[in-house]
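**Student:** Coordinates for the following, if possible.
(one chain, ligands or ions: 1)
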Amino acid sequence: MSKQILVTGGTGYIGSHTVVELQNEGFDVVIVDDLSNSNIDVLDAIEKITGKRPAFEKFNLADREKTNVFFEQYKNIDAVIHFAAYKAVGESVQKPLEYYRNNLVSLMNLLENMKKHRVSNLVFSSSCTVYGQPDQLPVTESTPRKPAESPYGNTKAVSEDIMRDFSHANEGINCIALRYFNPIGAHPSALIGEFPVGVPNNLVPFITQTAAGLRDELKIFGADYDTPDGTAIRDYINVVDLAKAHVVSINRLLENKQQSSYEFFNVGTGNGYSVMQLVKTFIKVNGVDVKYQITDRRAGDIEKIWADTTLANEELGWEAEKTLEETLESAWAWEKKVRNIK
Ligand code: UDP
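**Tutor:** Okay, here's the model as predicted:
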């Protein structure tokens, strides 16, 4: 019988790509999502890509009662991947309680029910934001975490601590936190991708929307950083590669291969690109124009970060495969599809 995976936030950007990869590998998926930042039509797209429609339940996991009822109904879950969370850094500064309540209570409700229903395995969406501006690059998993710059970032650090403490206190509970670097791009089918509500905060959706004519120009936040071209450096990871890191983490847990009950891995490419390099590569590979202007730095941004991925490569047997070029092509193909651009 195929194993059943609960994917919370499974209609979201990274969640939907992960559901596709799980179903391609023969897993049964049930999605829980409150659709607060995603669309139900994503289920049609997943079905179109994989030939299989995942089960779906709409509720917010911060609701303890509804989460309890869900686990009473779905008795055969083998593992959980927890994506469902609020993720806007700026908004979290304005609404800290909403962020702490939603992101932390949902994790606690899940863990409580995993223990009660003997579901052993959890993969969690963490972020390289827990490193802050590291003193040494690239960052390895032994690089110390730094105090969070935002309530959002703090929910990721505290969630990691909750999983560490809970898995140590309860034999049979095993967690893997994946520290994502900057996920970008879309599925090669262009049937699923990132669909931000309102004005995008993130770089690549802002670029694709500018190329599509929805935005006048991209603002490049700062060209006076201590980097070769002065713009900030990140490690941009293709979303399908990232999705596959979840599948190998699930297999590691199901096959009991973990070294300890709580593990965490960097999930990036190991390469750093500057904002300017990214914009220029996008323009070149897609043959479209993107108007841009250099402006002041954005508050809270770090100067540079990229991953040392040795641990993920060796322990998970996972490696990013897609090039930046093909990833930026996929981002534009998706934007064109959404906007009906030929
Ligand atoms: N950035 C930019 N203009 C934008 C959005 C982002 O110059 O409209 C820069 C941002 O300052 C950072 C990089 O692009 O250096 C990646 O930002 P993003 O918000 O995508 O991810 P973050 O690294 O902040 O999580």
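**Student:** can you pull the buried residues of the lowest-mean-pLDDT helix or strand in the chain?
**Tutor:** The least trusted helix or strand in the chain, going by mean pLDDT, DSSP states H and E, turns out to be helix 89-94, with a mean of 94. Within helix 89-94, the residues that count as buried by 16 or more other C-beta atoms under 10 Å are 89, 91-92. Backbone N, C-alpha and C define where each C-beta goes, glycine included.
**Student:** for stretch 46-55, same thing?
**Tutor:** Residues of stretch 46-55 classed as buried under the neighbour-count rule (16+ other C-beta under 10 Å) are 46, 49-50, 54.
**Student:** May I ask which two of these are separated the most?
**Tutor:** 49 and 54 (11.3 Å; C-beta to C-beta).
**Student:** which residues do the two both contact?
**Tutor:** Counting by C-beta atoms under 8 Å, 6 or more residues apart in numbering, residue 49 and residue 54 have no contacts in common.
**Student:** neighbouring contacts of the least confident helix or strand of the chain?
**Tutor:** Helix 89-94 is contacted by residues 86, 99, 149-153, 155, 201, 300 when judged by C-beta under 8 Å, 6+ apart.
**Student:** swap in stretch 199-208?
**Tutor:** Under the criterion C-beta under 8 Å, 6+ apart, residues 88-90, 182, 184-185, 194, 196, 209, 215, 218, 234, 236, 275, 278-279, 282, 290, 328, 331-332, 334-335 lie in contact with stretch 199-208.
**Student:** out of the residues you listed, who's near the ligand?
**Tutor:** Near the ligand, taking C-beta under 6 Å from any ligand atom as the test, the members of the contacts of stretch 199-208 found are 182, 218, 234, 275.
**Student:** what sits against the third one?
**Tutor:** Contact analysis of residue 234 by C-beta under 8 Å, 6+ apart lists 181-182, 203, 272-273, 275, 304-306.
**Student:** Save the residues you listed as TSV, and put in secondary structure too.
**Tutor:** Putting these into TSV (DSSP: H, G, I helix; E, B strand; the rest coil) gives the following:
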residue	secondary structure
181	coil
182	strand
203	helix
272	coil
273	strand
275	helix
304	strand
305	coil
306	coil
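**Student:** returning to what we had before: quick one: the least confident helix or strand of the chain to chain centroid distance?
**Tutor:** The chain centroid and the centroid of helix 89-94 are separated by 18 Å under C-alpha atoms, centre = their mean, to the nearest Å.
**Student:** and if you look at stretch 271-282?
**Tutor:** Chain-centre distance of stretch 271-282: 20 Å, with C-alpha atoms, centre = their mean.
**Student:** Next, the buried residues of that stretch.
**Tutor:** 271-279, 281-282.
**Student:** Tell me the residues of the stretch 101-250 of the chain that contact the ligand?
**Tutor:** Residues of the stretch 101-250 of the chain lying close to the ligand (C-beta under 6 Å from any ligand atom) are 182, 201-203, 206, 218-221, 232, 234.
**Student:** part of a strand, is residue 332?
**Tutor:** No: read with three-state DSSP, residue 332 is helix and lies in no strand.
**Student:** Identify the residues contacting it.
**Tutor:** Contacts of residue 332 by C-beta under 8 Å, 6+ apart are 208, 211, 282, 286, 288.
**Student:** ok, back up a step: now, among the contacts of residue 234, which is nearest to residue 226?
**Tutor:** Nearest to residue 226 out of these is residue 304 (C-beta to C-beta; 7.9 Å).
**Student:** how many other residues sit next to the residue nearest to that closest one when sequence neighbours are not counted?
**Tutor:** Distance criterion C-beta to C-beta, 6 or more residues apart in numbering; nearest residue to residue 304, sequence neighbours excluded, is residue 233 at 3.8 Å. When neighbours are defined as other C-beta atoms under 10 Å, residue 233 has 23 of them.
**Student:** Over to the one 10 residues further on?
**Tutor:** Taking other C-beta under 10 Å as the criterion, the count of residues near residue 243 is 22.
**Student:** sec struct for it, please.
**Tutor:** Of the three states, residue 243 takes helix under three-state DSSP.
**Student:** cool, residue 141 as well?
**Tutor:** The three-state assignment at residue 141 reads coil, by three-state DSSP.
**Student:** That one: how many residues sit nearby?
**Tutor:** Neighbourhood size, residue 141 [other C-beta under 10 Å]: 18.
**Student:** try residue 241
**Tutor:** The local packing of residue 241 (other C-beta under 10 Å) involves 21 other residues.
**Student:** From residue 203, how far off is the residue nearest to it when sequence neighbours are not counted?
**Tutor:** Excluding the flanking residues, the one nearest residue 241 by C-beta to C-beta, 6+ apart is residue 320, at 4.4 Å. Using C-beta to C-beta, to the nearest Å, we find residue 320 at a distance of 18 Å from residue 203.
**Student:** follow-up on the earlier one: identify the farthest-apart pair in the residues of the stretch 101-250 of the chain next to the ligand.
**Tutor:** Farthest-apart pair in those is 182 and 219; separation 17.4 Å (C-beta to C-beta).
**Student:** Of the two, which one has the most company?
**Tutor:** Between residue 182 and residue 219, counting by other C-beta under 10 Å, residue 182 is the more crowded of the two (20 against 15).
**Student:** What pLDDT does the model give the more buried one?
**Tutor:** Looking at residue 182, its pLDDT reads 98.
**Student:** go on, residue 115?
**Tutor:** 98.
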